[in-house]
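Engineer: Sequence first, then the predicted structure:
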2 protein chains.
Amino acid sequence: MLSKAQNKYIRSLTQQKYRKEYNVFIAEGDKIAREWLNSTAEIKMVLALQDWADSYHALIARHKEAELIIVEPHQLEAVTALQTPNQVLLVVAMPAEGADLPANEWCIALEGIQDPGNMGTIIRIADWFGIKHVICSSDCADVYNPKVVQAAMGGHLRVQLHVAELDKFIASTKMPVLAAALDGESVYAMPALDAGIIMIGNESKGLPAGLMQLASHKVTIPRRGGAESLNAAVSAGILCALLVRD
Amino acid sequence: MLSKAQNKYIRSLTQQKYRKEYNVFIAEGDKIAREWLNSTAEIKMVLALQDWADSYHALIARHKEAELIIVEPHQLEAVTALQTPNQVLLVVAMPAEGADLPANEWCIALEGIQDPGNMGTIIRIADWFGIKHVICSSDCADVYNPKVVQAAMGGHLRVQLHVAELDKFIASTKMPVLAAALDGESVYAMPALDAGIIMIGNESKGLPAGLMQLASHKVTIPRRGGAESLNAAVSAGILCALLVRD
């Protein structure tokens, strides 16, 4: 049974303010919930349909700290942050911050990425290419927004997510900084690098001039057709595929 | 003034059934509306806030076939298919079908792409890389879904969109068919090609075995990290960036 207070508590977690206050976030849906339950993350609550809870009984039992609440479909519907709920919703404790910013390995830096879908997709890209750090400016979408968690498909478990003042980080790093731009050098002509920062700007405005000036290279994916730009997450994926190679 | 009947008519266009019945679709938002008004497309209606209509008076006037309706923000809010309306909404006549399927140029074939955002993003990718044809199986999201039109950012104006039986097309083509797979050859090792079909499958299931067997190459973006897969649109972008080159 889901109490009224629990219902209200979970619904409040779609807002960053309450995620910060309670120091938890939501991870939803069959696949993502299983990834989280398979990890060492601290799980606060498991809301699941009876069938799902039966199927993953052993997995849930590994988390003695978690409160298991069996819910009806309509109860999951009432609290989901997804368009359609998917069998299970976890309330997960926010991991401790404080890992150092990377000094000599590939990472992605994001300035003002607003769309949660893009943000999550970029975390998933980092996860695919084995990039261990994503550094976000404070005006990016919150990395614990339920839509970000959804789109990242478990990437939060393997990629360290930092919120930092990008200009300070970029100004102080010794790594090459490769800034996505519409008028830069062709990405196909970039030298092979062992490490570097792939920097992507806001969906409509791109990177601000100040950050662009701090870059060691302005990098462009050459256009052959008529589109004005590429989606920010697609650009990130293409730059990773072309730059982060053995 | 927007009449009750017009309000109802426009809201009905979020459904494919009514788009087919009336043979029109919606293109929304400042940037996309300007692209469409700058084209030779037949515009049926322009719903715009007064300020926007004043700013783009000359552009609207080029479309003598269009009915201009000045609306209040709350009226746009009531009919928008976007999360937040953006100044202007066009009702556009569906272009005539019937272009031949491509025989000797780069194209993208999609099987069961369900997410309208992915579908639109892939059309935008085709548009960026100068790929003139996207061929969709009948179980893909409708290419005139307002969210597809939104995500494609005007790509519909430059990319020909076909709905076709993919297995017949793939079985009959003489072009190389490069199927996105998790267990194929590395995309970095592909031979340089002048033309070909980049084939992408459903977001969670990938390509069905039958189509996979018809491919000349199974192509994989090598994974270095822990993610299970990449987003379908990101995969499409990476494959285009690596395969469609001068």
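Structural biologist: Yep, that arrived.
Engineer: doesn't residue A:222 make contact with residue A:184?
Structural biologist: No - Residue A:184 is beyond contact range of residue A:222, at 10.1 Å (criterion: C-beta atoms under 8 Å). C-beta coordinates here come from the backbone N, C-alpha and C atoms, glycine included.
Engineer: If you count surrounding residues, which of the two has more?
Structural biologist: Comparing residue A:184 with residue A:222 by neighbour count (other C-beta atoms under 10 Å in any protein chain shown), the higher total belongs to residue A:184, at 17 against 14.
Engineer: what helix or strand is that one on?
Structural biologist: strand A:177-186 (DSSP states H and E).
Engineer: Might you calculate how far that strand sits from the centre of the chain?
Structural biologist: Chain-centre distance of strand A:177-186: 23 Å, with C-alpha atoms, centre = their mean, to the nearest Å.
Engineer: what packs against the next helix or strand after that strand?
Structural biologist: Using DSSP H and E, the next helix or strand after strand A:177-186 towards the C-terminus is strand A:197-200. Packing partners of strand A:197-200 (3 or more C-beta pairs under 8 Å, 6 or more residues apart in numbering or on different chains; DSSP states H and E): strand A:107-110, helix A:166-172, strand A:177-186, helix A:232-243.
Engineer: Output the contacting helices and strands for the following helix or strand past strand A:197-200.
Structural biologist: The first helix or strand that comes after strand A:197-200 along the chain, using DSSP H and E, is helix A:209-214. Packing partners of helix A:209-214 (3+ C-beta pairs under 8 Å, 6+ apart): helix A:166-172, strand A:177-186.
Engineer: residues in contact with helix A:209-214?
Structural biologist: If you take C-beta atoms under 8 Å, 6 or more residues apart in numbering or on different chains as the criterion, helix A:209-214 is touched by A:111, A:166, A:167, A:170, A:171, A:177, A:179, A:181, A:199, A:201, A:218.
Engineer: Where neighbours are concerned, which of those residues has the most?
Structural biologist: Counting neighbours by other C-beta under 10 Å, residue A:199 comes out on top of the contacts of helix A:209-214 with 29 neighbours.
Engineer: what residues does chain A put near chain B?
Structural biologist: Taking C-beta under 8 Å from any C-beta of the partner chain as the criterion, the neighbours of chain B within chain A are A:117, A:121, A:124-131, A:151, A:153-155, A:157-158, A:187-188, A:221, A:223-231, A:233-235, A:237-238, A:241-242, A:244-245.
Engineer: now with 6 Å?
Structural biologist: A:121, A:124, A:127-130, A:158, A:223-227, A:230-231, A:234, A:237-238, A:241 (C-beta under 6 Å from any C-beta of the partner chain).
Engineer: what residue ranges in chain A score low on pLDDT?
Structural biologist: By pLDDT under 70, the weakly predicted segments of chain A are A:98, A:246.
Engineer: and it, what are its domains?
Structural biologist: For chain A, automatic domain parsing gives the domain ranges A:4-93, A:107-243.
Engineer: Out of those, which one sits most buried?
Structural biologist: Among those, the stretch with the highest mean neighbour count (mean count of other C-beta atoms under 10 Å in any protein chain shown) is domain A:107-243, at a mean of 20.
Engineer: Off-centre distance for that domain?
Structural biologist: Its chain's C-alpha centre and that of domain A:107-243 lie 12 Å apart, by C-alpha atoms, centre = their mean.
Engineer: Show only the entries of the residues of chain A next to chain B found in helices.
Structural biologist: Using DSSP state H, A:121, A:124, A:127, A:128, A:234, A:237, A:238, A:241 are the members of the residues of chain A next to chain B that sit in helices.
Engineer: check contacts around the third one.
Structural biologist: For residue A:127, the contact set (C-beta atoms under 6 Å, 6 or more residues apart in numbering or on different chains) comprises A:155, A:158, A:159, B:225, B:226, B:227.
Engineer: Make CSV out of those and add distance to residue A:138.
Structural biologist: Listed next are the contacts of residue A:127 as CSV, based on distance: C-beta to C-beta, whole Å:
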residue, distance to residue A:138
A:155, 20
A:158, 23
A:159, 18
B:225, 26
B:226, 27
B:227, 26
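Engineer: Would you mind checking which of those residues is nearest to residue B:107?
Structural biologist: Ranked by distance to residue B:107 (C-beta to C-beta), these are led by residue B:227 at 27.6 Å.
Engineer: quick one: contacts for that closest one?
Structural biologist: Each residue near residue B:227 by C-beta under 6 Å, 6+ apart is listed here: A:124, A:127, A:128.
Engineer: And the last one, how far from residue A:238?
Structural biologist: Between residue A:128 and residue A:238 the distance, using C-beta to C-beta, to the nearest Å, works out to 13 Å.
Engineer: Could you give the backbone dihedrals for residue A:35?
Structural biologist: Phi and psi for residue A:35, reported as degrees, to the nearest 10, are phi -60, psi -40.
Engineer: so what's it up against?
Structural biologist: By C-beta under 6 Å, 6+ apart, the contact list for residue A:35 reads residue A:154.
Engineer: Give me the three-state assignment for the nearest residue to residue A:37 once chain neighbours are set aside.
Structural biologist: Leaving aside its sequence neighbours, residue A:37 sits nearest to residue A:59 (C-beta to C-beta, 6 or more residues apart in numbering or on different chains; 4.7 Å). The local conformation at residue A:59, judged by DSSP: H, G, I helix; E, B strand; the rest coil, is helix.
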